[in-house]
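Asks: need a 3D model of the following:
(chains A and B)
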Amino acid sequence: MIRTAWLVAAKDLRIEMRSRVLLWQVVPFGVIALLLCGLALGPAHAGNSSAGPGLYYLVMLLVTLLMINRSQGVERSPGTRSSIATLGLDPAGLFLGKSLALAIELWATGLVLLAGAVLVLHTALHGAIVALPSIVVTLAALSAAGTLYGALTAGGEASATLLPVLALPAFAPLLIAGERSFHDALHGGALLGWWVVVVVALVAYVAMGILLYGVLEET
Amino acid sequence: MIKELSQRLLGPVTLVLLALTIWLGLWVTPPDVVQGNLVRLIYVHPSVAWVALYVSFGTATIASALYLWRRTRSMVMDRVAHCAMEVAVVFIALTLITGSIWGRPTWGVWWAWDARLTTTAILGVLALGYLALRRANDDPLLRARRSAVYAVLAAINVPIIHFSVDWWKTLHQGATVFTIGGHLKIHGLQLWTLLLSFVAFTLLFFWLLRARYRLEVRRELASSAQLTDALSTRQREGAQ
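Replies: From the prediction side, this is the model:
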């Protein structure tokens, strides 16, 4: 399972390195979305609002949707799914590999957008650094959940529009927990409670993915 | 014999119990000291929410889990899950509507950013997502597999809703009957009317589920008959 996971993650990351979709499309989209959030708040509020953590996670959710579509898109080319099926790869390993690759991509984007939030929304740098571990775990949970929801909608004609309908309500608890832990990091609150929620969500989604991904890949 | 009798009696018994709940709730039980007549919504809202969150969503989740388990996998389970989720959408909508009707005079707003309200609304969107997912897949087996996985994933939200009043400081009141320590917060005729409403609405769910299931079976039969007709027409055209 672990070997399969490494193989799949390396394959997805290699495709990403060569295509540079993350660098030239996803990150610029995240930056413009962050700027639009600032514009929506208005110049008077954008710099001193406490909405920074919420807006950061909102933009990360939108970015996550794009990246889930991308992650499933690389499997969509003719023959890819049947090739994977004939290779007899462990579905749990497939899920872990795709989740890991997505998590690494999300971490990279999240770091850039965190710097953007510090610059544009004037989020305190020290608080942002304290919030980093919780952001890492929240984005990992998002990637595990996203991989599952991506597989649920893969292949259909309406998959691009169906994915947000299915995934965003499920992401809402993660958005709340992530935002609260980021908020607590900025304002010196108790971090542990929301950390527990995010870690439990991560464990639950990974366990479900290991158990159920095989059902979704059945032919 | 007993099965047939119970199926025939389900509808009339449900209607009698609903009528009894309405009579007791509107005319017999006394108004509340603080809330006045507004308290009468307690004979509708909690029981509708009980059916929405636990009975219908629970039925859909259990049927989906049984579909995912190879030993019990059958299209019957898929059909039960689908029909239960459709009924769940109706009951979740009723839960939010009756809650809003109570919330406007009590809290002063139709909608509050309360943990229980918000998580219930999210559950409603998840249930709608289930129906959208079913419509997006034409292959019956693929549709059954995907929607079963989605229903199991969506069920994570149910315990969050249940414990939301304990985990967060909410406007929504805590449990009245099913409290952690088992201490009832309602007594006498009000308690019995409330319990009767739980039974009546639960039976209403099973009545609706049965009707919807039969409709689904007939729809499948009709579409397969249409397919057979279309194929035989095409074969006749080919022979000519």
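Asks: can you give me phi and psi for the spatially closest residue to B:V217 that is not a sequence neighbour?
Replies: The shortest distance from B:V217 to any non-neighbouring residue, by C-beta to C-beta, 6 or more residues apart in numbering or on different chains, is to B:R79 (7.2 Å). Placement of C-beta: from N, CA and C, glycine included. Backbone torsions of B:R79, given as degrees, to the nearest 10, read phi -60, psi -40.
Asks: where does B:G36 fall, phi/psi-wise?
Replies: phi 70, psi -140.
Asks: what's the pLDDT at it?
Replies: At B:G36, the pLDDT value in this model is 83.
Asks: chain A versus that one, what's the distance?
Replies: B:G36 is 35 Å from chain A, where distance means C-beta to the nearest C-beta, to the nearest Å.
Asks: A:S50 and chain B: what is the separation?
Replies: Note on A:S50: its distance to chain B, by C-beta to the nearest C-beta, is 16 Å.
Asks: just the element for that residue, please.
Replies: Remark: A:S50 resides in no helix or strand, with elements defined by DSSP states H and E.
Asks: mind listing what it touches?
Replies: By C-beta atoms under 8 Å, 6 or more residues apart in numbering or on different chains, the contact set of A:S50 is A:H183.
Asks: quick one, phi/psi of the closest residue to B:V39 other than its chain neighbours?
Replies: Spatial nearest neighbour of B:V39, excluding adjacent residues (C-beta to C-beta, 6+ apart): B:D32 at 3.6 Å. Backbone dihedrals for B:D32, given as degrees, to the nearest 10, come out at phi -80, psi 150.
Asks: bridging residues for B:D32?
Replies: Beta-bridge partners recorded for B:D32 (DSSP bridges): B:G36.
Asks: just checking, it touches B:L38?
Replies: Yes - taking C-beta atoms under 8 Å as the definition, B:D32 is a contact partner of B:L38 at 7.3 Å.
Asks: next up, identify which helix or strand the most far-flung residue of chain A relative to its centre is on.
Replies: Most distant from the centre of chain A: A:A44, at 30.5 Å, with distances by C-alpha atoms, centre = their mean. According to DSSP H and E, A:A44 maps onto helix A:43-46.
Asks: how far is that helix from where the chain is centred?
Replies: 28 Å (C-alpha atoms, centre = their mean, to the nearest Å).
Asks: show me what that helix is packed against.
Replies: helix A:27-41 (3 or more C-beta pairs under 8 Å, 6 or more residues apart in numbering or on different chains; DSSP states H and E).
Asks: for the helix it packs on, buried residues please.
Replies: The neighbour-count check on helix A:27-41 (16 or more other C-beta atoms under 10 Å in any protein chain shown) flags A:V27, A:G30, A:V31, A:A33, A:L34, A:C37, A:G38, A:L41 as buried.
Asks: how close does the first one sit to chain B?
Replies: Summarising the geometry, the distance separating A:V27 from chain B, computed by C-beta to the nearest C-beta, is 29 Å.
Asks: check the offset of stretch A:139-158 from the chain's centre.
Replies: Mean-position distance between stretch A:139-158 and its chain equals 10 Å (C-alpha atoms, centre = their mean).
Asks: near chain B at all, it?
Replies: Yes - applying C-beta under 8 Å from any C-beta of the partner chain, one finds stretch A:139-158 touching chain B at A:L148, A:Y149, A:L152, A:T153, A:G156, A:E157, A:A158.
Asks: those residues in strands, which ones?
Replies: Secondary structure defined by DSSP state E assigns none of these to strands.
Asks: narrow those to just the buried residues.
Replies: Here, 16+ other C-beta under 10 Å leaves A:L148, A:Y149, A:L152, A:T153, A:G156 buried among the residues of stretch A:139-158 next to chain B.
Asks: go ahead and confirm the first one touches A:G209.
Replies: Same thing as A:L148. Yes - A:L148 is within contact range of A:G209, at 5.2 Å (criterion: C-beta under 8 Å).
Asks: common neighbours of the two, please.
Replies: A:F95.
Asks: mind checking how far stretch A:208-219 is from the chain centre?
Replies: Distance, stretch centre to chain centre, for stretch A:208-219: 20 Å (C-alpha atoms, centre = their mean).
Asks: how about stretch B:193-212?
Replies: 10 Å.
Asks: other residues contacting that stretch?
Replies: Residues beyond stretch B:193-212 that count as contacts (C-beta under 8 Å, 6+ apart) turn out to be B:7, B:10-11, B:13-14, B:17-18, B:20-21, B:24-25, B:28-29, B:42-44, B:46-48, B:50-51, B:55-56, B:59, B:80, B:83-84, B:86-87, B:90-91, B:176-177, B:186.
Asks: any buried residues in it, and which?
Replies: If you call a residue buried by 16+ other C-beta under 10 Å, then stretch B:193-212 has these buried ones: B:193-194, B:196-209, B:212.
Asks: one more: stretch A:6-18?
Replies: Neighbour counts using 16+ other C-beta under 10 Å place A:V8, A:A9, A:D12, A:L13, A:E16 of stretch A:6-18 among the buried residues.
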